[in-house]
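I'll drop the sequence and a predicted model, then ask my questions.
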Amino acid sequence: MNLEFNKNEDAMRLIISQMRQRHAQISLGGGKKAIEKAKEKGKLSPRERIDYLIDADTEFQEVGAFTAYEMYQEHGGCPAGGTVGGLGFVSGKLCMIIANDNTVKAGAWFPLTGKKNLRLQEIAMENKLPVIYIVDSAGVYLPMQDEIFPDKEHFGRIFRNNAMMSAMGITQIAAVMGSCVAGGAYLPIMSDETLMVEGNGSIFLAGPYLVKAAIGEDVDIQTLGGATTHNEISGIADYKFENEQDCLDQVKRIISKIGKQEQAGFDQIAAVAPKRATQDVYGLVSAENNKNFDVVAVIETIVDADSFDQFKEDYGKTIVCGYARVAGWAVGIVANQRKIVKSGKGEMQMGGVIYNDSADKAARFIQNCNQKKIPLVFLQDVTGFMVGSRSEHSGIIKDGAKLVNAVANSVVPKITIIIGNSYGAGNYAMCGKAYDPRFIYAWPNAKIAVMGGEQAAKTLLQIQVASLKAKGEVIDPEKEKELLQEIIEKYNKQTSVYYAAARLWVDEIIDPAETRNRIALAIQAANHAPIEKEWKSGVFQV
């Protein structure tokens, strides 16, 4: 290994360690005291519930752990958006698991709690996965009710999704282990089966205080909507249990009996280990995203050994395309290329820029994968499309539109991994969040923005200085330098992968060495949902 590799590896391991430390803090939810208080009531933490539920010797792939990261600080924060969710195997079947965290404001719903739950439901709907809700929530967080209650992508759409999934034949099981109040009461009742834990589980449209205020009736929680009430009197619930473990055991039994569903039929053979160790990726890529690397070497840490066949290898070299296998699954890979390439015109540095020929090649390859029903994997490290008179005269907008058209109209599953920069229209062309990837993950070095920090800061500085001068203010070089530094600091914070993950622009920040496992499980999930749309390309200029 050379010195450059070792420097990259050290820097990457450092930011991965930071990511894990932050995740460990998030995993505490409302804190150790809140967890201990819940345990006094016989409650497990949401992550303990999930650990108990999933099959032994399997891993839970969390989605949205960094939701609301460093947000809502004036309200005490909302770690993981107050919900733990992701993919896990229960009784041998891949499921979407969504668990309220009652240690965070009693499981109350913040605006991003709603957005996260809708994203988790969307993943379940797109991939036709059974959903297990572990319910323990006080309902909408009232101080922010105007941002969570009435709009299309707010709280109420969750129940609309319950109804839609039921009509799609997607199994939904609700295990009620705590409060389930007001509008939230509809979620378990709109699920296929409802299980309740005695003493802690409760379901009602209005709690005792509101009942007293509304109609003057004095009633306690359990009489109003406890497990006994809903199993013996209202008939709303289907099962009751003395403790959470017994309740989760019954969930496992229900899931175990689900019949086999029609599949998409994506091709899979026996898995082969990658040519390069997965952790080699640490030394291949700069943690600062400022050094060239060969994306083919990165691909070799992800795909099965000797399975990668490049498409148009000598044409359009700023994007690498090719067929491969990941854990035996056939995939089509579209990856930005950053290395320096020698050609007949000398050396050309490829900093993730998309040129005319590379856009044309990638569009054609995406069409091929749709024809063959091969899932697509996008590895993003893109600074945008090439600019300047030469590119404009060559029709870069036309070729870029062709690529965007192909991505937008793809019917095969798309999985996106942001391995470096994700700037401008390059984010769109390489299947950013707006283009409906089934899953979108990012490495801890990833950056997402309209443009790079330096270019953006200088542009914003020019605008700000011009505005100040128009007001008659004199800007000396020192003041200008100070303004530039302020802009850079603000912009760098906004381009951080944690800023993106907090707002669910990506589903999760992952260890680069986990990329192969994430892709493999994503395709396994997607294989549950047959492709129902016919591949059709939109209108574009040739």
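Alright, I've got the coordinates. Residues are numbered from 1 along each chain as shown.

Return the helix or strand that contains residue 359 as PDB; C-alpha atoms alone will do.
Taking DSSP states H and E as the criterion, residue 359 maps to helix 356-372. Only the C-alpha atoms of helix 356-372 are listed here, as PDB (Å, rounded to 0.1, in the frame of the first residue of the first chain):
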ATOM      1  CA  ASN A 356     -21.700  15.100 -23.700                       C
ATOM      2  CA  ASP A 357     -20.400  11.600 -24.600                       C
ATOM      3  CA  SER A 358     -20.600  10.300 -21.000                       C
ATOM      4  CA  ALA A 359     -24.200  11.500 -20.700                       C
ATOM      5  CA  ASP A 360     -25.100   9.900 -24.000                       C
ATOM      6  CA  LYS A 361     -23.400   6.600 -23.000                       C
ATOM      7  CA  ALA A 362     -25.100   6.500 -19.600                       C
ATOM      8  CA  ALA A 363     -28.500   7.200 -21.100                       C
ATOM      9  CA  ARG A 364     -28.100   4.300 -23.500                       C
ATOM     10  CA  PHE A 365     -26.900   1.900 -20.800                       C
ATOM     11  CA  ILE A 366     -29.900   2.800 -18.600                       C
ATOM     12  CA  GLN A 367     -32.200   2.000 -21.500                       C
ATOM     13  CA  ASN A 368     -30.500  -1.400 -21.900                       C
ATOM     14  CA  CYS A 369     -30.900  -2.200 -18.200                       C
ATOM     15  CA  ASN A 370     -34.600  -1.400 -18.400                       C
ATOM     16  CA  GLN A 371     -35.000  -3.600 -21.500                       C
ATOM     17  CA  LYS A 372     -33.300  -6.500 -19.600                       C
END
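
Could you list every helix and strand in contact with that helix?
Helix 356-372 sits against strand 309-311, strand 319-326, strand 329-336, helix 396-409, with contacts defined as 3 or more CB pairs under 8 Å, 6 or more residues apart in numbering; DSSP states H and E. Bear in mind the C-beta positions are built from the backbone N, C-alpha and C, glycine included.

Run through who's touching the third one.
Here strand 329-336 makes contact (CB atoms under 8 Å, 6 or more residues apart in numbering) with 266-268, 295, 298-299, 303, 308, 318-325, 352, 354, 362, 365-366, 368-369, 374-382, 420, 426, 430-431, 519-520, 523-524.

Lowest-scoring secondary structure element of this structure by mean pLDDT?
Sorted by mean pLDDT, DSSP states H and E, the helices and strands of the chain end with strand 346-349, the least confident at a mean of 52.

Give the residue spans of the stretch 101-250 of the chain that score low on pLDDT.
Counting by pLDDT under 70, not a single residue of the stretch 101-250 of the chain qualifies.

rerun at 90
Regions of the stretch 101-250 of the chain meeting the criterion pLDDT under 90 cover residues 106, 138-143, 145-156, 179-186, 205-213.

what about residue 214, how many residues close to it?
Using other CB atoms under 10 Å, residue 214 has 9 neighbouring residues.

next one: the one 3 residues further on
Using other CB under 10 Å, residue 217 is surrounded by 10 other residues.

How about the contacts made by the nearest residue to it once chain neighbours are set aside?
Setting aside the residues directly before and after it, residue 217 is nearest to residue 211 in space (CB to CB, 6 or more residues apart in numbering), at 5.2 Å. The contact partners of residue 211, by CB under 8 Å, 6+ apart, come to 217, 219, 224.

After the helix or strand hosting residue 211, which helix or strand is next? Please name it.
Per DSSP H and E, residue 211 falls inside helix 208-215. Counting by DSSP H and E, the next helix or strand C-terminal to helix 208-215 is helix 221-225.

which one among the contacts of residue 211 gets closest to residue 464?
Using CB to CB, residue 224 comes nearest to residue 464 of those, at 58.0 Å.

excluding its backbone neighbours, what's nearest that closest one?
Closest to residue 224 by CB to CB, 6+ apart is residue 204, at 5.2 Å.

circling back to that earlier point, columns mean neighbour count, distance to residue 135 and mean pLDDT on top of the helices and strands packed on helix 356-372, output as a markdown table?
Below are the helices and strands packed on helix 356-372 laid out as a markdown table (neighbours: other CB atoms under 10 Å; distance: least, CB to CB, whole Å; pLDDT from 0 to 100):
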| stretch | mean neighbour count | distance to residue 135 | mean pLDDT |
| --- | --- | --- | --- |
| strand 309-311 | 15 | 48 | 98 |
| strand 319-326 | 24 | 35 | 98 |
| strand 329-336 | 25 | 34 | 98 |
| helix 396-409 | 21 | 36 | 89 |
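
mind putting the ones you listed in CSV, distance to residue 476 included?
Output for the helices and strands packed on helix 356-372, formatted as CSV (distance: least, CB to CB, whole Å):
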stretch, distance to residue 476
strand 309-311, 54
strand 319-326, 45
strand 329-336, 41
helix 396-409, 40
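
Go through the longest helix along the chain and flag the buried ones.
Ranked by number of residues, the top helix in the chain under DSSP state H is helix 3-26. Within helix 3-26, the residues scored as buried using 16 or more other CB atoms under 10 Å are 8, 9, 11, 12, 15, 16, 19, 22, 23, 26.

The fifth one against residue 286, yeah?
No - in this structure, residue 15 sits apart from residue 286 without contact. The criterion is CB atoms under 8 Å, and the distance is 10.9 Å.

list residues touching both of these two?
residue 445.

any idea how far the most centrally placed residue in the chain lies from residue 329?
By CA atoms, centre = their mean, the chain has its centre lying nearest to residue 507, at 0.9 Å. Residue 507 sits 19 Å away from residue 329, going by CB to CB, to the nearest Å.

go on, residue 337?
Taking CB to CB, one finds residue 337 at 23 Å from residue 329.

What helix or strand is the residue of the chain most remote from its centre located in?
Here the centre of the chain is the reference, and by CA atoms, centre = their mean the most remote residue is residue 472, at 47.4 Å. Of the helices and strands defined by DSSP H and E, none includes residue 472.

Export only the CA atoms of the one helix or strand residue 489 maps to, formatted as PDB.
Using DSSP H and E, residue 489 sits within helix 477-495. Extracted in PDB, the C-alpha atoms of helix 477-495 (Å, rounded to 0.1, in the frame of the first residue of the first chain):
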ATOM      1  CA  PRO A 477     -10.200  43.700   1.800                       C
ATOM      2  CA  GLU A 478     -10.200  42.600   5.500                       C
ATOM      3  CA  LYS A 479     -14.000  43.000   5.700                       C
ATOM      4  CA  GLU A 480     -14.400  41.100   2.400                       C
ATOM      5  CA  LYS A 481     -12.200  38.300   3.800                       C
ATOM      6  CA  GLU A 482     -14.400  38.100   6.900                       C
ATOM      7  CA  LEU A 483     -17.600  38.000   4.900                       C
ATOM      8  CA  LEU A 484     -16.100  35.200   2.800                       C
ATOM      9  CA  GLN A 485     -15.200  33.100   5.800                       C
ATOM     10  CA  GLU A 486     -18.700  33.500   7.300                       C
ATOM     11  CA  ILE A 487     -20.300  32.400   4.000                       C
ATOM     12  CA  ILE A 488     -17.900  29.400   3.700                       C
ATOM     13  CA  GLU A 489     -18.700  28.200   7.200                       C
ATOM     14  CA  LYS A 490     -22.500  28.500   6.600                       C
ATOM     15  CA  TYR A 491     -22.300  26.800   3.200                       C
ATOM     16  CA  ASN A 492     -20.000  24.000   4.500                       C
ATOM     17  CA  LYS A 493     -22.600  23.200   7.200                       C
ATOM     18  CA  GLN A 494     -25.400  23.000   4.700                       C
ATOM     19  CA  THR A 495     -23.400  20.700   2.400                       C
END
